[in-house]
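Asker: With the sequence up front, the predicted model follows.
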Amino acid sequence: MGNGNGNGNSDARREGARARLLADLRREGMPERVVAAFARVPRERFVLPEARHLAYEDRALPIGYGQTISQPLMVAIMLQELQPDPTDRVLDVGTGSGYQAALLAELAATVVSVERVPQLAERAARTLAELGYTNVAVHLVGDVLGWPDEAPYERIVVAAAAPRVPYSLVDQLAAGGRLVIPVGDRRHQDLMVVEKRPEGLSVSRKVPCGFVPLIGREAFASEADTAASA
């Protein structure tokens, strides 16, 4: 029942959009575990208030500080390729809004999530805590990629693009583990899957994608650093 100020209609539209998104994910052949995680995580809590009516559209949305929350289908593809098990410890590089960390928390035992922007790290940690996710830890980081202190991880997923697969992240990957990361230039990338096998690394190219740049060692320089060296 509506409350007279339009919120009832807004909630109904949002729930309709959520149902359509879940149907789209199933139509794309996403694993049911992944679809169920999407059903449980309220994406509207991870976007800016003015964009909540768009929360279940299949589009990237700005979250401030030059960052975005990725489009749901791309997040689903990354989780499909990551193949997290319920017993896994996962490293989530690029917390952003915290949405992917919440999905990972539904799919794995423990999530270590790292973010360079203090305001985003604080907001994501607060939202995750408010939603009751006790198996996610958000850490603020600098130029060092990942979170070596708690390595190795069975799964690593990166929500920003690197010019090549960073060896520092491969070093944090457990034997038999999988790393999913966009690789390319600042505008166009391909989603890559790296598997750490006994005989060595296996690298496979999946789908074209477009992510904000990963900043740090073995990645891209920040805009401020680029301007300073010009």
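Answerer: Received, thanks. Here the structure is a predicted model, which means the values were calculated and not measured. Numbering: from 1, shown residues only.
Asker: okay, CA-based contacts and neighbour counts for the rest of this
Answerer: Fine.
Asker: Where does pLDDT dip in this protein?
Answerer: 1-8, 223-230 (pLDDT under 70).
Asker: Which parts of it are helices?
Answerer: 7-27, 32-40, 72-82, 99-107, 118-130, 167-171, 223-229 (DSSP state H).
Asker: As TSV, these with distance to Asp143 would be great.
Answerer: Shown next, in TSV, are the helices of the chain (distance: least, Cα to Cα, whole Å):
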stretch	distance to Asp143
helix 7-27	35
helix 32-40	31
helix 72-82	24
helix 99-107	21
helix 118-130	14
helix 167-171	11
helix 223-229	12
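Asker: Turn the ones you listed into CSV, including mean neighbour count and distance to Gly210.
Answerer: Putting those into CSV (neighbours: other Cα atoms under 10 Å; distance: least, Cα to Cα, whole Å) gives the following:
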stretch, mean neighbour count, distance to Gly210
helix 7-27, 15, 19
helix 32-40, 17, 21
helix 72-82, 20, 10
helix 99-107, 26, 16
helix 118-130, 17, 20
helix 167-171, 17, 20
helix 223-229, 9, 18
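Asker: Can you say which of those helices is nearest to Leu201?
Answerer: helix 167-171 (9.0 Å; Cα to Cα).
Asker: Identify all contacting residues around the closest one.
Answerer: 145-146, 152, 156, 179, 196, 218 (Cα atoms under 8 Å, 6 or more residues apart in numbering).
Asker: Can you flag which of those belong to strands?
Answerer: Taking DSSP state E, the ones among the contacts of helix 167-171 that sit in strands are 156, 179, 196.
Asker: Hmm, the first one is touching Leu91, no?
Answerer: Yes - the criterion here is Cα atoms under 8 Å, and Ile156 meets it with Leu91 at 4.7 Å.
Asker: Tell me which of the two has more neighbours.
Answerer: Neighbour count, other Cα atoms under 10 Å: between Ile156 and Leu91, Leu91 has more, with 32 against 29.
Asker: Return the residues in contact with Val93.
Answerer: Per Cα under 8 Å, 6+ apart, neighbours of Val93: 113-115, 145-146, 156-160.
Asker: Tabulate the residues you listed (CSV), appending distance to Arg187.
Answerer: What follows is these, written out as CSV (distance: Cα to Cα, whole Å):
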residue, distance to Arg187
Ser113, 24
Val114, 23
Glu115, 21
Leu145, 21
Gly146, 22
Ile156, 22
Val157, 19
Val158, 16
Ala159, 14
Ala160, 11
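Asker: Can you name the two of those that sit furthest apart?
Answerer: Going by Cα to Cα, the pair spanning those furthest: Glu115 and Ile156, at 14.1 Å.
Asker: quick one, phi psi at Ala55?
Answerer: phi -60, psi -30 (degrees, to the nearest 10).
Asker: Distance of it relative to Ile77?
Answerer: Counting by Cα to Cα, to the nearest Å, the separation of Ala55 from Ile77 is 18 Å.
Asker: May I have stretch 209-224 as CSV, with CA atoms only?
Answerer: Only the C-alpha atoms of stretch 209-224 are listed here, as CSV (Å, rounded to 0.1, in the frame of the first residue of the first chain):
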residue,chain,number,x,y,z
CYS,A,209,34.5,-4.8,-21.2
GLY,A,210,35.1,-1.2,-20.0
PHE,A,211,36.2,-0.4,-16.5
VAL,A,212,37.8,2.5,-14.7
PRO,A,213,41.6,2.1,-14.4
LEU,A,214,43.3,0.3,-11.6
ILE,A,215,45.7,2.6,-9.9
GLY,A,216,49.0,1.5,-8.3
ARG,A,217,52.2,-0.5,-8.9
GLU,A,218,51.9,-2.7,-11.9
ALA,A,219,48.8,-0.8,-13.0
PHE,A,220,48.0,2.8,-14.2
ALA,A,221,49.4,6.0,-12.7
SER,A,222,46.8,8.3,-11.1
GLU,A,223,45.8,11.4,-13.1
ALA,A,224,47.6,13.5,-10.5
